[in-house]
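Participant: My questions concern the predicted model and sequence given below.
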Amino acid sequence: MKFLVQPFSYCTLLLMVLFSAGCQSDSDSSATPTAVITRKVVLDGIPSASGIERVGDFFYVIGDDSPYLFRLDSTFKVVQKVPLFTPGPLAEGRIPKPVKPDLEAITLVTLEGQPCLLIIGSGSTPARNTGYLVPVTRNGVGKPIMVPLQTLYSQLRADKNITGEAALNIEGLAADEEYLYLLQRFAPGGQNVLITYTLSSITPFLLGRGAAPKPSGLQQWALPDLAKIKTGFSGMTSALGGQMLFTASAEETPNAVLDGEVYGSLVGLLQAHPHSSPQPVTPEVVVPITQKDGSSYKSKIESICVLDKHRHSLEAVAVADNDNGFSELVVLTFTW
């Protein structure tokens with residue numbers, strides 16, 4: 001009997017080891033991060049798409065040289081066009097570059113119980129220091145309210161921990177229940193920086209009832225190069241508990257204003273509240289965005305929002321702009 005029990009125990013142990021090894025192999029095979037575009041949609045009538053936010057079954061898109069907020073349905077068709085302000089003369093539906101407000105980022109934020117879309121300019125020139133609050137209603141959105149950002153941006157512009165020797169250039173924006181986050185984009189002489197405010201401190205300023213607060217946190221981030229070109233933050237949204245989903249792109253340009261050749265874009269995850277470090281921190285995961293055939297996606301991803309998320313993967317919608325007025329929406333699957 002002992003002779004029979006011993007082989008049985010050995011076989012059981014062997015099966016357990018093989019099963020464990022198989023599970024480990026599966027885990028390892030899925031551990032290589034990828035970000036693959038599964039669908040592309042040309043955004044007709046939306047120039048220079050620079051920001052996207054999801055609210056329920058709808059998507060809200062802005063353009064950096066457009067005076068409108070566009071509402072898209074679940075099939076990505078424009079169903080509403082809301083004027084944010086009255087522009088001067090337009091050229092093919094676009095505001096001329098020297099005077100454009102450069103609206104670069106959008107997020108859903110709740111201020112004193114009212115859900116609003118917050119839209120902000122980049123701050124890279126005097127014409128780009130304006131934002132808008134757009135109340136979200138059951139029927140879409142309400143009347144936009146202009147938010148002067150000069151005093152807030154002057155504080156950020158004066159802090160060399162944010163700008164270095166480059167210009168201020170805010171390209172990303174996100175919010176959760178307690179904080180508002182801004183992304184400063186890298187330019188030569190500068191760095192990529194996550195700027196954090198508590199909602200309790202910045203709400204009075206956004207509503208026009210208080211002074212510009214100081215950030216509650218600043219952190220520089222180290223992003224990988226693409227094609228030997230430095231990459232800079234371009235968009236952000238809240239993702240999985242305590243993490244932010246961000247995009248970045250490689251653009252060969254000497255400063256925060258001039259356009260340049262685009263070499264590709266990245267997507268990744270970073271901690272919203274990392275341990276403070278005087279040195280740039282590395283994101284938890286970051287990967288180049290590719291086409292289905294594995295080739296690099298050479299457009300400039302400007303903003304991103306989440307469609308569906310799981311423990312180690314998510315589906316997202318992003319908008320891209322090549323600085324020629326052409327806008328594209330892409331759906332991508334990001335796994336890590």
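Facilitator: In hand now; what should we look at?
Participant: quick one: contacts for L133?
Facilitator: Shown in contact with L133 (C-beta atoms under 8 Å, 6 or more residues apart in numbering): 111, 116-119, 144-145, 147, 206-207. Heads up, the C-betas are built off the backbone N, CA and C, glycines and all.
Participant: ok, the residues you listed vs Y197, which is closest?
Facilitator: Nearest to Y197 among the contacts of L133, counting by C-beta to C-beta, is L206 at 9.7 Å.
Participant: Excluding residues flanking it in the chain, which one is nearest that closest one?
Facilitator: Sequence neighbours aside, V147 is the residue nearest to L206 in space, at 5.8 Å (criterion: C-beta to C-beta, 6 or more residues apart in numbering).
Participant: from the contacts of L133, which would you call buried?
Facilitator: In these, burial by neighbour count holds for 111, 116-119, 144, 147, 206, counting by 16 or more other C-beta atoms under 10 Å.
Participant: In helices only, show me the residues you listed.
Facilitator: Using DSSP state H, the members of those that fall in helices are L206.
Participant: So which of the buried ones among the contacts of L133 belong to strands?
Facilitator: Using DSSP state E, 111, 116-119, 147 are the members of the buried ones among the contacts of L133 that sit in strands.
Participant: Let me see the ranges of the helices in the stretch 151-300 of the chain.
Facilitator: 160-163, 199-206 (DSSP state H, counting those that start in this stretch).
Participant: how about JSON lines for the ones you listed, with mean pLDDT and distance to I62 added?
Facilitator: Output for those, formatted as JSON lines (pLDDT from 0 to 100; distance: least, C-beta to C-beta, whole Å):
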{"stretch": "helix 160-163", "mean pLDDT": "97", "distance to I62": "23"}
{"stretch": "helix 199-206", "mean pLDDT": "98", "distance to I62": "17"}
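Participant: now those as TSV including distance to I301?
Facilitator: Shown next, in TSV, are those (distance: least, C-beta to C-beta, whole Å):
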stretch	distance to I301
helix 160-163	23
helix 199-206	27
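Participant: Mind checking those helices for the one nearest to A175?
Facilitator: Smallest distance to A175 across the helices of the stretch 151-300 of the chain (C-beta to C-beta): 7.1 Å, for helix 199-206.
Participant: Check the offset of that closest one from the chain's centre.
Facilitator: Centroid separation between helix 199-206 and its chain, computed with C-alpha atoms, centre = their mean, to the nearest Å, is 21 Å.
Participant: Can you give me the buried ones in it?
Facilitator: Across helix 199-206, burial judged by 16+ other C-beta under 10 Å covers 199, 201-203, 205-206.
Participant: check contacts around the nearest residue to V287 once chain neighbours are set aside.
Facilitator: Closest residue to V287 apart from its sequence neighbours, by C-beta to C-beta, 6+ apart: P33 at 4.1 Å. For P33, the contact set (C-beta under 8 Å, 6+ apart) comprises 285-287, 334-336.
Participant: For stretch 125-140, output the C-alpha coordinates as CSV.
Facilitator: C-alpha atoms of stretch 125-140 as CSV (Å, rounded to 0.1, in the frame of the first residue of the first chain):
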residue,chain,number,x,y,z
THR,A,125,1.4,82.9,-24.8
PRO,A,126,-0.7,85.8,-23.3
ALA,A,127,-3.6,84.8,-25.6
ARG,A,128,-3.7,81.3,-24.0
ASN,A,129,-4.4,82.2,-20.4
THR,A,130,-8.2,81.5,-20.5
GLY,A,131,-10.4,78.6,-19.4
TYR,A,132,-14.1,77.8,-19.5
LEU,A,133,-16.5,76.0,-17.1
VAL,A,134,-19.4,74.3,-18.8
PRO,A,135,-22.1,73.0,-16.5
VAL,A,136,-23.2,69.4,-17.4
THR,A,137,-27.0,68.9,-17.5
ARG,A,138,-29.3,66.0,-18.2
ASN,A,139,-29.8,67.4,-21.7
GLY,A,140,-26.1,68.0,-22.5
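Participant: average pLDDT across it?
Facilitator: Across stretch 125-140, the average pLDDT comes to 95.
Participant: From what I see, F334 and H312 are in contact.
Facilitator: No. In this structure F334 lies outside contact range of H312 using C-beta atoms under 8 Å: 9.7 Å.
Participant: When these two are compared, which one has more neighbours?
Facilitator: Of the pair F334 and H312, F334 is the one with more neighbours under other C-beta atoms under 10 Å, namely 24 against 14.
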